[in-house]
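> here is my input; please provide its structure:
(chains A and B)
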Protein chains: 2
Amino acid sequence: MMNNEHLSLYLGSFVDELYRSGVKHIVISPGSRSTPLAVLAAEHPNLKVWLQIDERSAGFFALGIAKLTGEAVALLCTSGTAAANYMPAVAEANLSRVPLIVLTADRPHELRDVGAPQTIDQLGLYGSHAKWFMEMPLPEHSTTMLKHARVMAARAVHTALTVPAGVVHLNFPLREPLMPNLSHPQLFALDKKSKHNEIVSNTLTSRGEVKPSEAVIEQLADYMKAHENGIIVIGPQSDDALLEHVLAFAERLNYPVLVDPLSNMRSGRNITTSLVSAYDSFLRIEDAVNYLKPTLFIRMGAMPVSKPLLQYMNRYAEAEHIVIDDAGWRDPTLLISHYVQATPRLALEAWVDRFTKQDYQREESQWLQDWLSIQEITATILNDEAFASHNGELFEGRVVAELQQLMHENDILFIGNSMPIRDVDTFYRLSQTPHRLYANRGANGIDGLTSTAMGMAAVCAKQHVTLLIGDLSFYHDLNGLLSSKLHGLDITIVVINNDGGGIFSFLPQANEPKHFESLFGTPIGLNYEHVVKMYEGQFSRVASWTDFANSYKQARQAGGLQVIEIPTNRNQNVMLHRQIWPKLSSWLSKYIASRG
Amino acid sequence: MMNNEHLSLYLGSFVDELYRSGVKHIVISPGSRSTPLAVLAAEHPNLKVWLQIDERSAGFFALGIAKLTGEAVALLCTSGTAAANYMPAVAEANLSRVPLIVLTADRPHELRDVGAPQTIDQLGLYGSHAKWFMEMPLPEHSTTMLKHARVMAARAVHTALTVPAGVVHLNFPLREPLMPNLSHPQLFALDKKSKHNEIVSNTLTSRGEVKPSEAVIEQLADYMKAHENGIIVIGPQSDDALLEHVLAFAERLNYPVLVDPLSNMRSGRNITTSLVSAYDSFLRIEDAVNYLKPTLFIRMGAMPVSKPLLQYMNRYAEAEHIVIDDAGWRDPTLLISHYVQATPRLALEAWVDRFTKQDYQREESQWLQDWLSIQEITATILNDEAFASHNGELFEGRVVAELQQLMHENDILFIGNSMPIRDVDTFYRLSQTPHRLYANRGANGIDGLTSTAMGMAAVCAKQHVTLLIGDLSFYHDLNGLLSSKLHGLDITIVVINNDGGGIFSFLPQANEPKHFESLFGTPIGLNYEHVVKMYEGQFSRVASWTDFANSYKQARQAGGLQVIEIPTNRNQNVMLHRQIWPKLSSWLSKYIASRG
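Numbering: from 1, shown residues only, chains lettered A, B, ... in the order given. Presented below is the predicted three-dimensional model:
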């Protein structure tokens, strides 16, 4: 009998059950205390191990994999501040409902809170940011405890995946010696006499979906019929099957559908002209806001990116406000009149079904026509503005328009927070060329964006990943670039470099020049060519849009780490954005006047 | 009346009272929600603002300032994952007892847990890692609330500084608009009618020190007199005045004093030969451990770095074990027989005082003589080994010996975790040339080391800061290099580059070649010259010790960011370390045989 049989079998069972419950990827950072779990994961025939040195990057890298695959992804690190470095990614995953299983190695109980090295209080380390925290026992290899290891692994995966998906944290006290015996014949072996694991797998690993009650469907169907001026708003969400239900539903009611860029309903084969994408622009125009008087909002997904849309909702606070969400409470507007706890797809299906049975179909609608006309006018102006010459100045909005043309079908665009996501909201047009758009909008941090995109690149067999990011966010996660070299990943990173925090130029503090540059503008003047070289990538800085198109095409072809920098000017950029609104205003006023 | 008077006056009072209570430095990361506090701190005539883009680096940078000055340092960031990025530095500060005041901006209550952007649950975010968490109210400017702002600031500083020093976290809900009125005549003004602030300052800002009771002093004095074979162990600690008390105390009892490198008792004008620094080496030798039979340990400070010392304590578990600490419980040995809750300096003062009155002085001691002889033999062998030619191989241990010769008086050496601190423990000799040695040994992370050293460089007027660090730790906090460029700091960074995690080669997993390189060795093969260039520093890679000496001298002279890389070989390094022990063993056995 080996003296480390407890390690080999207890942790071996745990690792094996992670795999049996659906985990395929585990992101590991090197450390000593985590040795047995790391070695067993590497030894497991079916788990894919991704090494990440920096735990902050590791957390976001796992997030990227989980976001793209929809599967629970495991993270493993050693004791101490290693675990603390996961905090930002844990907070983001929790809010954006991404399933992560955080495994932290810890000192055993006798070495806690007594000044032992590399030991911090890891119990409940992530507080309310983890859905479930459990302290694991010291490994034992009795039949009961091997069952326990499997049940915990299965429960962890199930809990992480159940709606709303999120973060599970398991803390493992481990005593030396830390090397498991990899040649143990029972390593990863399921006890044949026990049916336990099978039961666990069947009961626990299917995701929960929430069906709305018949009564709610009926009540709200009557409600909707009574409102002509309804609006459907689709915020960030990840259910690919939702679009067809939304279109069928909207057609019955003749409601416009406002689609957030992260709803993934702005591009695809079945995109139709009944969708509205340009609201972030035209809802800034007073005349349009006054003219378009809604009486009902039906909202799904997370809150949309657009601030003008939020202000529009507040302007018509007296309108009814139905929110459909399967769990949680995502409504900072405080305007909800009806909260329907249901999986949106199932709710819409039930309504369409009901309307079909009743043969309900609204007549042609002036309301919908107005929305679509205003959408059309605005989209045209935005397109003209994006592609205007601007005296050779590289206008940040145009980056999005260019990328939309350059990206191939089914490509992935990962979008940085702060300015890039706003520019995508404004300039990414409705299109039948399908792209997948992603961002970290759970907590909207500027941290870990490169690592998240790298995580996506890690599990993308065919689609190319492009990351669109501002220079401060790019700086924040420079360490994330290592993934490309370590794991041989292909990624194209487009850095909009206005040397500082561009978004602050749009905020009130920009009018107070005192302290502005030192606290908000924060130019750091780095030439990123050097760091890209260190990571053995290719760097190009473009001076024109022709340059950009060529660089982008070359980058895609060359593969590996490709960084394209677009130098822009913060002050010019604000001006170029702001000069759009008077033009748009005059066109919309003309349209509205024509409608009398 | 301005509509933002509440912001200007409430937060103005808070910021002003931070300064009046002793805060001089505030480290700020850019963000929108934190605007009013950032702008007011920048506007305050006496606060020094340090900008840091990456909050993880910011946390460790503040830690460095606080470690060196002993003052409470404030940190400010915006809402969301920004605050989560402080987690690693908060954990380290809490355990290494460094006073930090973390100020996090937050959304107001109506925008929490409702899917609002950049909003995570920040209440109690750092859990047990902060000594005190308080949710601040929304700013108001009634007389009562302005008093409240001042009381909270004073309490925060006091709490952070009171032993054991640590982290205070205040969370500020803030509503738009976020710009305070900087021209408000009452900005930072103290209400003349209120004596409150004065009272707060007098009562709260002196640090608490703990006096031992007379009874305890008496009881343990008798105890010590009864033991000839006593050992004094000084772990990491920061009381500069402790050394003279330790020497006087040790002289009375004829006990050897084992000084950890971070006790800051290995170098300085009044270093005497009664100190023992080489125990980490000779306590690896079985003969020495058997020969030196202690009956009493008296320990102060945090746990020493040395693992052989810990094993020696466990080997003589029956010995009495007195630990003197002013707060907390720092003893992973589970060997304590007497725990004295007192400030070590005050306890030693009381004992020396008592021994003087009783005219107590022990006779010449064979016990002490043995320790000092073995120390002498070991120090000579270590010195010979450090400077041996090793066929031109750059032996990692020699880096420390070289640095000790090259550094100037009063220079600061910040030491990375993992291998560097262990090599310093072995190869940094007793010397009358004073240096200050620091490390992050609260949680022993490899994260944030560059930023901590930069924080020290930021508040060092005269002394030069040298950071000795391994390549993985250097990679982990590459972002920390920005500080030098942003704030014009002088620092010399010596990177021992063995392309991976050198310490793992000393651990059992090194004997299992399967998975070793991919999980533990983790070579990342980066040429750091590029990234140093990006940060506008100078980089040199040395091929010999002459090279190293020249590069180091030039680096000191040139100033700014200076990175010197010493390429070493992980496998060779383990061998070179291990070949010391047989030699030492044979010398010590001879000595012990001669004592019969």
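> which SSE is residue A:102 in?
Using DSSP states H and E, residue A:102 maps to strand A:100-106.
> so is that strand next to chain B?
No: Strand A:100-106 lies out of reach of chain B by C-beta under 8 Å from any C-beta of the partner chain, never closer than 12.4 Å. Yep, even glycine has a C-beta here, placed from its N, CA and C like the rest.
> can you tell me the strand partners of that strand and which way each runs?
Looking at strand A:100-106 with DSSP bridges, its partner strands are strand A:73-77 (parallel), strand A:167-173 (parallel).
> highest average neighbour count across these?
Highest mean neighbour count of those: strand A:73-77, a mean of 28 (counted as mean count of other C-beta atoms under 10 Å in any protein chain shown).
> only C-alpha atoms, please: export that strand in PDB.
C-alpha atoms of strand A:73-77 as PDB (Å, rounded to 0.1, in the frame of the first residue of the first chain):
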ATOM      1  CA  VAL A  73     -14.200  25.100 -17.300                       C
ATOM      2  CA  ALA A  74     -12.000  24.300 -14.300                       C
ATOM      3  CA  LEU A  75      -9.300  26.500 -12.900                       C
ATOM      4  CA  LEU A  76      -6.500  25.300 -10.600                       C
ATOM      5  CA  CYS A  77      -4.000  27.300  -8.600                       C
END
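> what does that strand rub up against?
Under the contact criterion C-beta atoms under 8 Å, 6 or more residues apart in numbering or on different chains, strand A:73-77 has outside partners A:18, A:23, A:25-29, A:31, A:34, A:37-38, A:41, A:55, A:58-59, A:62-63, A:65-66, A:83, A:85-86, A:99-105.
> hey, C-alpha coordinates of stretch A:425-435 in CSV?
What follows is stretch A:425-435, C-alpha atoms only, in CSV (Å, rounded to 0.1, in the frame of the first residue of the first chain):
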residue,chain,number,x,y,z
ASP,A,425,-23.1,49.6,-30.8
THR,A,426,-23.1,52.7,-33.1
PHE,A,427,-21.3,51.4,-36.1
TYR,A,428,-21.9,47.7,-36.4
ARG,A,429,-24.7,47.4,-38.9
LEU,A,430,-27.4,44.8,-39.5
SER,A,431,-25.9,42.3,-41.9
GLN,A,432,-26.5,38.8,-43.3
THR,A,433,-22.8,38.0,-43.0
PRO,A,434,-22.8,36.2,-39.7
HIS,A,435,-20.2,37.2,-37.0
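> so is that stretch next to chain B?
No: residues of stretch A:425-435 are not located near chain B by C-beta under 8 Å from any C-beta, the shortest gap being 12.5 Å.
> would you mark the buried spots in that stretch?
A:425-430, A:434-435 (16 or more other C-beta atoms under 10 Å in any protein chain shown).
> can you tell me which of these are in strands?
Judged by DSSP state E, the buried residues of stretch A:425-435 include no members of strands.
> chain B: which of those is nearest?
Nearest to chain B, judged by C-beta to the nearest C-beta, of these is residue A:425 at 12.5 Å.
> who are the contact partners of that closest one?
Going by C-beta under 8 Å, 6+ apart, residue A:425 touches A:260-261, A:280, A:305-306.
> pull out the buried positions in the one helix or strand residue A:565 maps to.
Per DSSP H and E: residue A:565 is located in strand A:561-567. Neighbour counts over strand A:561-567 (16+ other C-beta under 10 Å) mark A:561-566 as buried.
> re earlier: between the contacts of residue A:425, which sits nearest chain B?
Within these, the smallest distance to chain B is 8.1 Å, found for residue A:305 (C-beta to the nearest C-beta).
> chain neighbours aside, what residue packs nearest to the closest one?
Counting by C-beta to C-beta, 6 or more residues apart in numbering or on different chains, residue A:305 lies nearest to residue A:425, which is 4.9 Å off, once chain neighbours are set aside.
> how near is residue A:548 to chain B?
Applying C-beta to the nearest C-beta, to the nearest Å, the value for residue A:548 to chain B is 23 Å.
> actually residue A:566, sorry about that
Counting by C-beta to the nearest C-beta - residue A:566 and chain B are separated by 18 Å.
> show me the contacts for that residue.
Counted by C-beta under 8 Å, 6+ apart, residue A:566 has contacts A:394, A:396, A:399, A:494-497, A:541-542, A:548.
> taking those one by one, which sit in helices?
Judged by DSSP state H, helices contain the following of the contacts of residue A:566: A:396, A:399, A:548.
> partners of the host helix or strand of residue A:231, with directions?
In this assignment (DSSP H and E), residue A:231 forms part of strand A:230-234. Sheet pairing of strand A:230-234 (DSSP bridges) gives strand A:257-259 (parallel), strand A:296-300 (parallel).
> how about these in a markdown table, adding distance to residue A:407, mean neighbour count and mean pLDDT?
Formatted as a markdown table, those follow (distance: least, C-beta to C-beta, whole Å; neighbours: other C-beta atoms under 10 Å in any protein chain shown; pLDDT from 0 to 100):
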| stretch | distance to residue A:407 | mean neighbour count | mean pLDDT |
| --- | --- | --- | --- |
| strand A:257-259 | 18 | 25 | 98 |
| strand A:296-300 | 26 | 26 | 97 |
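> want to throw those into TSV with distance to residue B:369?
Formatted as TSV, the strands paired with strand A:230-234 follow (distance: least, C-beta to C-beta, whole Å):
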stretch	distance to residue B:369
strand A:257-259	85
strand A:296-300	82
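> quick one, domains of chain A?
A:5-204, A:214-376, A:394-568 (automatic domain parsing).
> which one, of those domains, ends up nearest to residue B:93?
If you check each of the domains of chain A against residue B:93 by C-beta to C-beta, domain A:5-204 wins as the nearest, at 10.6 Å.
> contacting residues for residue A:517?
By C-beta under 8 Å, 6+ apart, residue A:517 lies in contact with A:500, A:523.
> check what contacts the longest helix along chain A and list those residues.
The helix that spans the most residues within chain A, counting by DSSP H, is helix A:366-387. With C-beta under 8 Å, 6+ apart as the test, helix A:366-387 has contacts from A:228-229, A:231, A:254-256, A:273-274, A:276-279, A:281-282, A:288, A:291-292, A:395, A:397-398, A:400-401, A:426-427, A:429-430, A:580, A:583-584, A:587-588, A:591, A:595.
> buried ones from those residues, can you make that a PyMOL selection?
With 16+ other C-beta under 10 Å as the criterion, this PyMOL line picks the buried residues out of those:
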select buried, chain A and resi 228+229+231+254+255+256+274+276+277+278+279+281+282+288+291+292+395+397+398+400+401+426+427+429+430+580+584+587+588+591
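> in helices only, show me the contacts of helix A:366-387.
Among the contacts of helix A:366-387, DSSP H puts A:279, A:281-282, A:288, A:291, A:397-398, A:400-401, A:426-427, A:580, A:583-584, A:587-588, A:591, A:595 in helices.
> would you list every one of the strands in the stretch 351-500 of chain A?
Assigned by DSSP state E, counting those that start in this stretch, the strands in the stretch 351-500 of chain A fall at A:412-415, A:436-439, A:465-470, A:491-497.
> now the element after the last one, going C-ward?
Read in the C-terminal direction, the helix or strand following strand A:491-497 is helix A:516, with elements assigned using DSSP H and E.
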